[in-house]
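A.B. asks: Requesting a structural model of the entry that follows:
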Amino acid sequence: MHDSAVLAWVLTAAHAGVQLVFIVRALLRPHREPASRFAWVLVIALAPVLGIVAYVLFGEVNLGRTRIERLRVAFDKLPHAGGVAGASAEATVPDRFVPLFRVGHSVSQYLPVAGNRATLLPDSAAAITAMVSDIDAARESVHVLFYIWLADESGLKVVEALKRAAARGVVCRAMADDLGSRALIRSQHWRDMALSRVRLAAALPVGNPLLRPFKGRIDMRNHRKIVVIDNAITYCGSQNCADAAFAVKARFAPWVDVMARFEGPVARQNQHLFASNWMAQSDEDLSPLFAEPLPVPVPGFIAQVIGSGASVRYSAMPETFIALMNAAQRELVITTPYYVPDEPIQAALCASARRGVATTIVFPKRNDSWVVAAASRSYYRDLLEAGVDIREFAGGLLHAKTLTLDGEATLIGSANIDRRSFELNAENNILFYDEAFTRAVRARQQVFLDAATPVTQAHVDAYSLWRQLWNNSIAMLGPVL
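C.D. replies: The predicted model follows:
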């Protein structure tokens with residue numbers, strides 16, 4: 001046998017061996033639906049080189065051993081999540097809502113606590129104004145964490161407020177995702193904050209992008225939006241630290257968000273969530289923050305932080321959404337910019353409508369992600385046939401992530417109803433039971449509904465064959481991501 005033939009045989013065998021190794025890895029990967037495993041096996045088998053590269057980059061939910069270990073150490077140093085905000089108020093929640101808070105507790109161990117008050121901010125500019133006002137009034141500490149922080153008017157207002165607070169002796173800690181906020185982190189504004197004694201950290205630093213896939217997925221990001229002032233005030237919602245004009249994607253503007261300002265024990269839960277992120281990226285121990293006595297109880301509603309991510313148990317957010325959908329008896333209203341559900345989520349939403357619940361979901365008419373837009377619309381037909389009222393908001397990119405349930409309970413925060421929020425991103429949400437504040441959120445949802453166009457069966461029937469093929473083909477990629 002010629003040497004060239006032997007070499008060809010060896011290379012073929014080696015290629016097949018590597019291909020088999022990755023097929024086995026795809027089959028053995030935990031927490032994957034059969035459809036996902038099948039999709040990856042097919043990709044690796046049909047396009048070996050590209051398939052293997054794609055699997056290395058995107059095939060496994062790998063935060064990285066070092067990051068997981070640092071998070072574990074952080075949680076070991078911090079007081080247990082269940083005790084940071086006082087005793088559970090579960091006994092005062094109506095029986096049918098108790099399982100919802102138990103699901104939330106199973107995600108990040110925070111208890112439903114009473115004595116909270118909240119304000120829904122009118123718009124993005126008002127939210128930034130309120131944050132700056134609270135930072136200017138801070139006496140002890142200010143903590144901020146954003147996925148995207150831009151050096152625009154709103155972003156720089158917060159930068160300057162932090163510098164002012166640090167100058168008068170307030171301990172300020174600012175964290176931003178290293179990918180989502182890369183421009184600010186690498187700018188003079190970030191260096192100026194450091195010179196002003198604002199303590200800084202980059203969440204999930206990318207490092208060398210060529211080496212990152214071997215240490216953890218580059219697209220696993222900290223998507224949280226957390227502001228905590230003096231351990232007593234916190235903000236939660238969908239808004240990044242940026243103008244509604246959102247200069248990095250201006251053609252989709254305005255970004256339409258929902259942000260709420262909370263006072264009460266739930267702020268200490270958000271503080272704990274922030275502290276775990278901070279301690280995972282720095283050597284500073286924030287556990288002394290929780291030695292402060294709990295404030296004297298005051299009247300207020302029941303709320304609970306739900307912090308999900310790759311370091312938390314698998315399927316935390318899908319289970320939370322499904323529990324809420326299944327609990328609806330009269331009305332379920334959802335706003336989300338990104339809808340790429342798994343099968344249980346889609347089934348739960350359809351089942352809600354089929355059992356007579358007035359079920360409405362609002363998407364942006366123009367999405368900044370053409371992939372998500374196509375995938376979302378592939379689910380329209382089944383939703384409509386089940387009786388779900390679908391609306392498309394035309395007044396900008398509806399970025400608000402809200403869910404109201406029977407006019408009594410609400411989930412608000414950073415999580416989308418897509419696989420990225422389910423499996424890859426660190427997210428923060430607040431679940432609360434209160435008719436008055438739920439009415440406020442529901443009224444805001446109605447503003448979105450009034451500015452949205454109903455999607456009918458006729459609209460979907462009018463999709464061209466090529467558009468149907470495109471939407472469904474893109475949706476098939478869901479299990480691969």
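
A.B. asks: Grab the nearest non-local neighbour of residue 128.
C.D. replies: Leaving aside its sequence neighbours, residue 128 sits nearest to residue 154 (CB to CB, 6 or more residues apart in numbering; 4.4 Å). Glycine gets a C-beta too; all of them are placed from N, C-alpha and C.

A.B. asks: Kindly report the same for residue 220.
C.D. replies: Among residues not flanking residue 220 along the chain, residue 424 sits closest, at 4.9 Å (CB to CB, 6+ apart).

A.B. asks: Repeat that for residue 146.
C.D. replies: residue 241 (4.3 Å).

A.B. asks: And residue 382, how close does it get to residue 449?
C.D. replies: Separation of residue 382 from residue 449 (CB to CB, to the nearest Å) stands at 21 Å.

A.B. asks: neighbour count winner among these two?
C.D. replies: Neighbour count, other CB atoms under 10 Å: between residue 382 and residue 449, residue 449 has more, with 17 against 14.

A.B. asks: which ones are touching the residue nearest to residue 128?
C.D. replies: Taking CB atoms under 8 Å, 6 or more residues apart in numbering as the criterion, residue 154 is in contact with 124, 125, 128, 241, 242, 243.

A.B. asks: Would you list the buried entries among these?
C.D. replies: Listed as buried from those are 124, 128, 241, 242, 243; burial here means 16 or more other CB atoms under 10 Å.

A.B. asks: helix/strand/coil for the last one?
C.D. replies: When the structure is reduced to helix, strand and coil (DSSP: H, G, I helix; E, B strand; the rest coil), residue 243 reads as coil.

A.B. asks: ok, back up a step: please, which helix or strand holds the residue nearest to residue 128?
C.D. replies: helix 153-167 (DSSP states H and E).

A.B. asks: in that helix, what's buried?
C.D. replies: 154-166.

A.B. asks: okay, now the domains of this protein?
C.D. replies: Per automatic domain parsing, the structural domains of the chain span 3-58, 65-92+112-300, 316-480.

A.B. asks: tell me, how many neighbours does the closest residue to residue 275 other than its chain neighbours end up with?
C.D. replies: Distances taken as CB to CB, 6+ apart place residue 286 nearest to residue 275, at 4.0 Å, with adjacent residues excluded. By other CB under 10 Å, 21 other residues sit near residue 286.

A.B. asks: Please report the distance of residue 286 from residue 292.
C.D. replies: To residue 292, residue 286 is 12 Å away according to CB to CB.

A.B. asks: go on, residue 331?
C.D. replies: Distance, residue 331 to residue 292, using CB to CB: 40 Å.

A.B. asks: Of the two, which one has the most company?
C.D. replies: Legend: neighbour count by other CB under 10 Å for residue 331 and residue 292, higher for residue 331 (16 against 13).

A.B. asks: in the protein, which residue is closest to the centre?
C.D. replies: residue 415 (3.1 Å; CA atoms, centre = their mean).

A.B. asks: Turn the buried residues of helix 153-167 into TSV, columns for pLDDT and distance to residue 102.
C.D. replies: TSV is the format used below for the buried residues of helix 153-167 (pLDDT from 0 to 100; distance: CB to CB, whole Å):
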residue	pLDDT	distance to residue 102
154	97	37
155	97	38
156	98	42
157	98	40
158	98	36
159	98	40
160	98	43
161	98	38
162	98	37
163	98	43
164	98	42
165	98	38
166	98	40
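
A.B. asks: quick check, nearest of these to residue 43?
C.D. replies: Among the buried residues of helix 153-167, residue 155 lies closest to residue 43 (CB to CB), at 39.1 Å.

A.B. asks: need the contact list for the closest one.
C.D. replies: Contact partners of residue 155, counting by CB under 8 Å, 6+ apart, are 149, 184, 241, 242, 243.

A.B. asks: OK, contacts around the last one?
C.D. replies: Right, the one you point to is residue 243. For residue 243, the contact set (CB under 8 Å, 6+ apart) comprises 124, 125, 150, 152, 153, 154, 155.

A.B. asks: Could you measure from it over to residue 153?
C.D. replies: Distance from residue 243 to residue 153, by CB to CB: 6 Å.

A.B. asks: same thing with the fourth one?
C.D. replies: In this structure, residue 242 lies at 9 Å from residue 153, with CB to CB as the measure.

A.B. asks: For residue 263, grab the count of nearby residues.
C.D. replies: Counted with other CB under 10 Å, residue 263 comes out at 18.

A.B. asks: beta partners of it?
C.D. replies: Taking DSSP bridges as the rule, residue 263 bridges to residue 117, residue 233.

A.B. asks: Leaving out chain neighbours, which residue sits closest to residue 88?
C.D. replies: residue 111 is the one closest to residue 88 (CB to CB, 6+ apart), at 4.1 Å.

A.B. asks: go on, residue 416?
C.D. replies: In space, and not counting its chain neighbours, residue 416 is closest to residue 338: 4.1 Å by CB to CB, 6+ apart.

A.B. asks: Contact partners for that neighbour?
C.D. replies: Residue 338 touches 367, 369, 372, 376, 416, 417, 418, 420, 421, counting by CB under 8 Å, 6+ apart.

A.B. asks: So which of those is the closest to residue 433?
C.D. replies: Using CB to CB, residue 417 is the member of those that lies nearest residue 433, at 21.2 Å.

A.B. asks: Could you pull up phi and psi at the closest one?
C.D. replies: Main-chain dihedrals, residue 417, degrees, to the nearest 10: phi -100, psi 70.
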